[in-house]
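K.L.:
Sequence first, predicted model second:
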Amino acid sequence: MTSDKECNTAQLLKLISQDAALAGSIMKAINSAFYALQTKVTRLDRAVALMGLRAVKEVTLSSCLSGLCKPVQLGAYDGRDLWDHSVAVAILARELAAQSNALDPEEAFLAGMMHDIALLLAVQSEAEMGAKLISGAETSNDPFVVQEQRVFGFNHCELGAQLGAKWSLAPQITAAIQWHHDPESTPSEHQLLVRHIYVADTLSCEAAIGFPLTCKFQQVTDETLKNVKLSRDATAAAAAKLPLLLRLHLG
């Protein structure tokens, strides 16, 4: 509905009000330190008006997908750490897209949110194997996807591509899921988006937000930044804003 130019706010409010958990997430977001309002907002219609449709869309996506997280322990990490990392990548990808002015920031946000969805599902579905994967990745000198092949026989990029096809995701979102660790292999029409996700993913891992092992050996080089039309200073500025922006989603 938020993607519809003729979106009716009254219908949107009616839909949101039918989901208590979603309405609660929106109220929590508007009253968070991120918005720094002087008076507490107590009405859902006022919250939606203040936040705007884009923010409502992002909080809705975050609220819905976070329900996939289970309280499963994975060595030193858990399902929530994997989710926190995805939110961080989504927020940073959106900021980078706005800085580069090279692609739609909302599209970058969605791709960032979805990029590790297959990893989240795999390690929670097979918690014992997930714990083995993560404990091995902490000490391994091989890339994370190589360790995944040893444990599962596939990696989260491959599984994610299958899920993207099954769920009929947009081709560019599926490409970001499939190639975010190998952007140079991406089909040319999706390469710019995937490179943005690669940068956001790497920087979020370097910041140790949530689960940091998937990009253990990745680097953001000057050539990488040139390919996404970003400067080192602009990237650093976007990364510096990440802790504040995360408050909107993680509390």
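P.N.:
Everything's here; your move.

K.L.:
Would you list the phi and psi of residue 19?
P.N.:
Backbone torsions of residue 19, given as degrees, to the nearest 10, read phi -120, psi 100.

K.L.:
What's the local residue count around it?
P.N.:
Using other Cβ atoms under 10 Å, residue 19 has 14 neighbouring residues. From N, CA and C alone the C-beta is placed, and that goes for glycine too.

K.L.:
same thing with the one 5 residues further on?
P.N.:
Residues near residue 24, counting by other Cβ under 10 Å, number 12.

K.L.:
Roughly how far does it sit from residue 63?
P.N.:
From residue 24 over to residue 63 the distance is 9 Å, taken as Cβ to Cβ, to the nearest Å.

K.L.:
Domains in this structure, by residue range?
P.N.:
The chain breaks down by automatic domain parsing into domains covering 1-60, 68-250.

K.L.:
The first one spans what distance, first to last residue?
P.N.:
Terminal residues of domain 1-60 are spaced 12 Å apart (Cα to Cα, to the nearest Å).

K.L.:
what about the closest residue to residue 129 other than its chain neighbours, which SS state?
P.N.:
For residue 129, ignoring the flanking residues on the chain, the nearest one in space by Cβ to Cβ, 6 or more residues apart in numbering is residue 151 at 5.5 Å. Classification of residue 151 using DSSP: H, G, I helix; E, B strand; the rest coil returns helix.

K.L.:
begin at 27 from here
P.N.:
Happy to do that; since the first residue is 27 now, the last one works out to residue 177.

K.L.:
residues contacting residue 177?
P.N.:
155, 158-159, 162 (Cβ atoms under 8 Å, 6 or more residues apart in numbering).

K.L.:
Return the member of those residues nearest to residue 149.
P.N.:
Nearest to residue 149 out of the contacts of residue 177 is residue 159 (Cβ to Cβ; 6.5 Å).

K.L.:
For that closest one, report the pLDDT, please.
P.N.:
Reported pLDDT at residue 159 in the predicted model: 93.

K.L.:
Once you drop chain neighbours, what's closest to it?
P.N.:
Nearest non-adjacent residue to residue 159 (Cβ to Cβ, 6+ apart): residue 177, at 4.4 Å.
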